[in-house]
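Visitor: Prediction below, plus the sequence it came from.
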Amino acid sequence: MSPTNIEHVDVAIIGGGPSGLSAAIELRKQSIGKVVIIEREPEAGGIPRHCGHPPFGFWEYGRIYSGPDYAKRNVSEAKKAGVDIRVLHSVTRLGANGQLDVVSPAGALQIQAKRVLIATGARETPRSARLVGGDRPLGVINTGAFQSYVYLEHLKPFERPLIVGTELVSLSSVLSCRKAGIKPVAMIEANRRATARWPLSLFPRLCGVPMHFGAQLQEIHGTGRVEGASVKLADGSIREFECDGVLLTGRFVPESSLVRLSDLKLDLKSGGPAIDQYGRCSDPAYFAAGNLLRPIETAGWSYREGRKIASLIVRDMRGQLPAPGQDIEILCKGQLKLCVPQRLTLSPVEGMKNLQMRVNRATRGRLLITADGKELWSRTTSALPERRILVPIASLNVPKGVQQIEVDFVGE
C-alpha cells in the first residue's frame, strides 16, 4: 500500500514506554516543536501498564505508584508537555535519514523526522524459542500476557501454575498471583541460584511457593489445556508437577525487529542497535534508548536514560555534538554478554557517563579494558548475570589514534 501523505516532524519516537515518554517530555521542555510518539498498543505507558503493583515512580515523582498509575502519570505529563501521542500506529520500515513508513487505522502514511528515537523496549522469550517439548495446550503464557489478563482484562488464566524463572519479573508474577488468588505449585530455575538479588529472591518462599534450582522444564502435558509438566531436577531425576498452567518468565530480548529489517547496524551481543555514547545509531538521524539497548533494566532506569538521550538529541539538532564517523569500536570478549555503548567518539562533549556491561554467568575475575594492546582500566570483581557493571567512560583516558577498544572479563 502506498502512503497517502508525508508528514514532517521534528522528532518521532517509536514506543510509548517509560524511555519514550520521558524523552518526549524532555524534548518539549527544551523547546523542540513537533514531537510525536508512535505507539502500536491501544494505550501508551509500556510494560508498567501490566504491572498492578508498586514500587514505581519514586525517583521520578517523589512518590510510589503502582505500574498502571505510573504509566498514566507518564502519559499525562507527556500530554501536558504538548506531545502528540498516536496509539494503534505501527512503524513498518525505518528508512534512511529519518523516513518512517507507518500504518494506522486511518491507513498508511510516511513521517519524515529530523531525528528518530527508537524506544521499542524488550520482550520475553516465548515457548517456541525455549525448545520445550510436549503438548501444545492452553495455559502456557509469559509474564506480560499473564499480567495483562490479571490487571487489564480481570481474568484468571489458571489457578495453579508452574513458574519458570527467577528474575525480577518472575517475582513480580508471584505478587500478581497473590493478588489474583492464584497459587503457584512451584518456581523452577535452571541455574544454581536465583537471578534476582538477595533478599528479593526470598519472596517466593515467604509466599509459600517452593523453589527448585538447577531444574529444567522438559515437557508440558495436556490436551485442551495444561494438565502437568515434567521437570528435570538438579540430581537428574524427573519430577511430574500437576498444574493447570505454565508461566514462562524473563529471558528478555530486545524488541529489535525494526532494526533488523533496516540498514541500521545491529549489535549481535546485545541484540539491539549499535550506538555511540550519544545514543546515535549507524544512521545519525536515529537514536536509541531504554531496554531496546540491553535487556533488561527497570522502568526507572529506562525513564532516566530516555531523558538523557533526549537532551543529547537536542544538542545534536543544535549542532553541539561531534560529527559521527570517527568512532572507536568497542569489542566485547570473555565472559561478557554485552557492552553498551558499542562505539566511542573522542570528544569533550559528555554523553552517557558509563560503559554498561553484563556477564553470561556468575563469575569472579579481572575486568580489563585495553586500547591497541595497552591497558586503560582494570579491576578484579565478581559479577552475576543480569546485574549491571558500570565503568565511567571518563576514567578510560583513551589516547588519540586508537582504532579499537577491547573489554575482556577473564574469570578465575
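Guide: Everything's here; your move.

Visitor: which element is the residue lying closest to residue 360 once chain neighbours are set aside on?
Guide: In space, and not counting its chain neighbours, residue 360 is closest to residue 337: 4.7 Å by Cβ to Cβ, 6 or more residues apart in numbering. C-betas here are computed from N, CA, C, even on glycine. Taking DSSP states H and E as the criterion, residue 337 maps to strand 336-340.

Visitor: can you pull the buried residues of that strand?
Guide: Of the residues in strand 336-340, 336, 337, 338, 339, 340 count as buried by neighbour count, 16 or more other Cβ atoms under 10 Å.

Visitor: Just after that strand, pick out the following helix or strand.
Guide: Once the chain leaves strand 336-340, the next helix or strand it forms, by DSSP H and E, is strand 343-345.

Visitor: Got phi/psi on the spatially most central residue of the chain?
Guide: The residue lying closest to the centre of the chain (Cα atoms, centre = their mean) is residue 291, at 2.4 Å. The phi and psi values for residue 291, taken as degrees, to the nearest 10, are phi -70, psi -10.

Visitor: got it, and residue 27?
Guide: phi -60, psi -40.

Visitor: begin at 357 from here
Guide: Okay, using 357 as the starting number, the last item reads as residue 383.

Visitor: measure it to residue 389 for me?
Guide: Noted for residue 383: a distance of 9 Å to residue 389, by Cβ to Cβ, to the nearest Å.

Visitor: more neighbours, these two?
Guide: residue 383 (30 against 11; other Cβ atoms under 10 Å).

Visitor: Let me see the contact set for the more buried one.
Guide: By Cβ atoms under 8 Å, 6 or more residues apart in numbering, the contact set of residue 383 is 366, 367, 391, 439, 666, 669, 670.

Visitor: most surrounded residue in those?
Guide: Of these, with other Cβ under 10 Å as the count, residue 666 tops at 30 neighbours.

Visitor: Surely the residue nearest to the centre of the chain touches residue 653?
Guide: Yes - Residue 647 is within contact range of residue 653, at 5.9 Å (criterion: Cβ atoms under 8 Å).

Visitor: how about the buried residues of strand 692-696 in CSV, adding pLDDT and distance to residue 623?
Guide: Formatted as CSV, the buried residues of strand 692-696 follow (pLDDT from 0 to 100; distance: Cβ to Cβ, whole Å):
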residue, pLDDT, distance to residue 623
692, 91, 12
693, 91, 11
694, 94, 7
695, 95, 9
696, 96, 8
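
Visitor: And those residues, which is closest to residue 549?
Guide: residue 693 (17.0 Å; Cβ to Cβ).

Visitor: do you know how far the closest one is from residue 447?
Guide: 28 Å.

Visitor: In TSV: the buried residues of strand 692-696, plus distance to residue 453.
Guide: Formatted as TSV, the buried residues of strand 692-696 follow (distance: Cβ to Cβ, whole Å):
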residue	distance to residue 453
692	33
693	32
694	28
695	28
696	24
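
Visitor: Name the nearest of the residues you listed relative to residue 421.
Guide: Distances from residue 421 to the buried residues of strand 692-696, taken by Cβ to Cβ, are shortest for residue 696, at 27.5 Å.

Visitor: Just want to check the distance between that closest one and residue 450.
Guide: Distance from residue 696 to residue 450, by Cβ to Cβ: 20 Å.

Visitor: And for residue 573?
Guide: Counting by Cβ to Cβ - residue 573 and residue 450 are separated by 36 Å.

Visitor: does residue 463 have beta-bridge partners, and which?
Guide: Here residue 463 sits in beta bridges with residue 460, as judged by DSSP bridges.

Visitor: That one: neighbouring residues, count only.
Guide: 11.

Visitor: what does residue 594 give?
Guide: 10.

Visitor: So what pairs up with it in the strands?
Guide: residue 588.

Visitor: so who does it touch?
Guide: Per Cβ under 8 Å, 6+ apart, neighbours of residue 594: 574, 586, 587, 588.

Visitor: Need the max-distance pair from those.
Guide: Across the contacts of residue 594, no pair lies farther apart than 586 and 588, at 7.5 Å, counting by Cβ to Cβ.

Visitor: ok, which stretches of the protein are helices?
Guide: Using DSSP state H, the helices assigned to the chain run over residues 374-385, 414-417, 423-436, 499-503, 524-536, 559-562, 613-616, 655-673.

Visitor: Out of those, which one sits most buried?
Guide: Most buried of the helices of the chain, by mean neighbour count (mean count of other Cβ atoms under 10 Å): helix 374-385, with a mean of 28.

Visitor: give the contact list for residue 759.
Guide: Going by Cβ under 8 Å, 6+ apart, residue 759 touches 684, 685, 728.

Visitor: pretty sure residue 537 contacts residue 512?
Guide: Yes - counting by Cβ under 8 Å, residue 537 touches residue 512, with 7.3 Å between them.

Visitor: which among the contacts of residue 594 gets closest to residue 620?
Guide: Nearest member of the contacts of residue 594 to residue 620, counting by Cβ to Cβ, is residue 574, at 38.6 Å.

Visitor: which residue sits closest to the closest one, ignoring its sequence neighbours?
Guide: Residue 574's closest residue in space is residue 586 (Cβ to Cβ, 6+ apart), at 4.4 Å.

Visitor: how far away is the one you found from residue 571?
Guide: Residue 586 is 11 Å from residue 571, by Cβ to Cβ.
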